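Novice: fold the following for me, if possible:
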Amino acid sequence: MGANVKSVRGRVLVGIGVTAALAATAACGGQDTGGSGGGSDPKKPAAKATPTVQEGLKPLTQAQLTKAVITKADVKGYRVDDTPDDEIPEVSVPAKPAACQALADMFLLGTEPDATARVSRSLTSLKQTDGTVLRVGLLAHKESDAKKVVADLRAQSGTCDSYEHTDYQYTGVKPAKAPALGDEAVSYTMTSDIEG
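Specialist: From the prediction side, this is the model:
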């Protein structure tokens, strides 16, 4: 598996930005809570307005993620393809130091705890002079697991300066301003020098 991962890495951007968002009703839930946001009656008890919240949020299914993931209709100037399975390992590949493992796992769309479902798309620029390759992934977790994943990424993006993973060195890891997405978001950047 390491050889497959390494051969794929040659096509990945040298500058990498990652944003992970936690949305209780989307990335972790997917249930209709009965409200539309601003139109609910504030006098109604919350339990009646959102009965499914009491039962606990359930992760989105593979089918729901597939329906929600980016398509070529969403972007111009890029070809959108399914990411080949061999580019997303089923098991975690150890990072050095281990204190950067969450960052390394997320680079390959992995998490600890494991996602209950995930989909990924690879975007390739249609301009022949542009070698940009982007990867977009959606991962579903139980709510408590999703919160742990986001917390680990936030913590490690602030404490992990550099790490080695699948024979590549990643440096300049630093937090970035997180967008206002979902209930919680974390964003960070890093650089990798791949084959010079």
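
Novice: so where do the helices sit in this structure?
Specialist: Ranges of helices in the chain, per DSSP state H, are 2-9, 46-49, 51-55, 62-68, 101-107, 143-159.

Novice: residues in contact with the nearest residue to A104 once chain neighbours are set aside?
Specialist: Nearest residue to A104, sequence neighbours excluded (CB to CB, 6 or more residues apart in numbering): A95, at 3.6 Å. (Glycine included, C-beta is placed from N, CA and C.) Shown in contact with A95 (CB atoms under 8 Å, 6 or more residues apart in numbering): 101, 103-105, 163-165.

Novice: can you redo those residues as CSV with pLDDT?
Specialist: As requested, those are exported to CSV (pLDDT from 0 to 100):
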residue, pLDDT
Q101, 96
L103, 95
A104, 94
D105, 94
Y163, 95
E164, 93
H165, 91
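
Novice: put the buried members of these into a ChimeraX selection.
Specialist: Buried members of the contacts of A95, defined by 16 or more other CB atoms under 10 Å, are picked up in ChimeraX with:
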select :101,103,104,105,163,165
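
Novice: just the contacts of A95 now: which is nearest A155?
Specialist: Proximity of those to A155 (CB to CB) peaks at L103, which lies at 10.0 Å.

Novice: wait, doesn't the closest one sit right on S157?
Specialist: Yes. Contact criterion CB atoms under 8 Å: L103 and S157 qualify, at 6.6 Å.

Novice: now the common contact residues for those two.
Specialist: Common neighbours of L103 and S157 (CB under 8 Å, 6+ apart) are 173, 188.

Novice: now for this protein, the helix or strand with the poorest mean pLDDT.
Specialist: The helix or strand of the chain with the poorest confidence is helix 46-49; it has a mean of 36 (mean pLDDT, DSSP states H and E).

Novice: show me what contacts the residue lying closest to Y78 once chain neighbours are set aside?
Specialist: Leaving aside its sequence neighbours, Y78 sits nearest to L123 (CB to CB, 6+ apart; 4.2 Å). By CB under 8 Å, 6+ apart, the contact list for L123 reads 70, 75, 78-80, 133-136.
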